[in-house]
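Student: Sequence plus the predicted model coming up.
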Amino acid sequence: MRKASAKSVKDELRAEYDLTKLKGGIRGKYYQRAMAGTNLVLVDPDLAKVFPDAASVNRALRVLRDAAGATAGQPRRARRAPARRKRTAA
């Protein structure tokens with residue numbers, strides 16, 4: 001069974017809309033501005049009490065970044081595997 005084509009879809013636009021007033025729109029006019037704009041991140045309510053504004057969140061994240069960067073340059077200590085016991089013949 002074939003699907004109905006998009007051309008045969010019933011027009012459900014209300015009669016009171018005057019389409020002549022909608023001419024001249026530019027598609028994607030603000031796309032670049034929106035993509036370069038803000039980056040929204042949702043914070044859980046318990047964290048929102050501790051960090052009430054963007055400045056406090058940014059300050060905490062910078063401290064975390066600096067702490068992670070300071071430890072990233074240090075080599076890790078090599079862990080030695082525990083010594084195995086030699087089996088003795090009984």
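Tutor: Alright, I've got the coordinates.
Student: ok, longest helix in the protein?
Tutor: Across the chain, the longest stretch assigned as helix under DSSP state H is helix 54-72.
Student: Please point out which parts of that one sit buried.
Tutor: Neighbour-count burial for helix 54-72, with 16 or more other C-beta atoms under 10 Å as criterion, is recorded at V57. C-beta: built from backbone N, CA, C; applies to glycine.
Student: what does stretch 56-64 contact?
Tutor: By C-beta atoms under 8 Å, 6 or more residues apart in numbering, the surrounding residues in contact with stretch 56-64 are V43, V50, F51.
Student: so of those, which ones are in helices?
Tutor: Counted as lying in helices by DSSP H, out of those, are V50.
Student: which regions of the chain lie under the pLDDT threshold?
Tutor: 1-9, 73-83, 85, 88-90 (pLDDT under 70).
Student: picking up where we left off before, want to throw the contacts of stretch 56-64 into a markdown table with distance to R59 and neighbour count?
Tutor: As requested, the contacts of stretch 56-64 are arranged in a markdown table below (distance: C-beta to C-beta, whole Å; neighbours: other C-beta atoms under 10 Å):
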| residue | distance to R59 | neighbour count |
| --- | --- | --- |
| V43 | 14 | 11 |
| V50 | 12 | 10 |
| F51 | 9 | 15 |
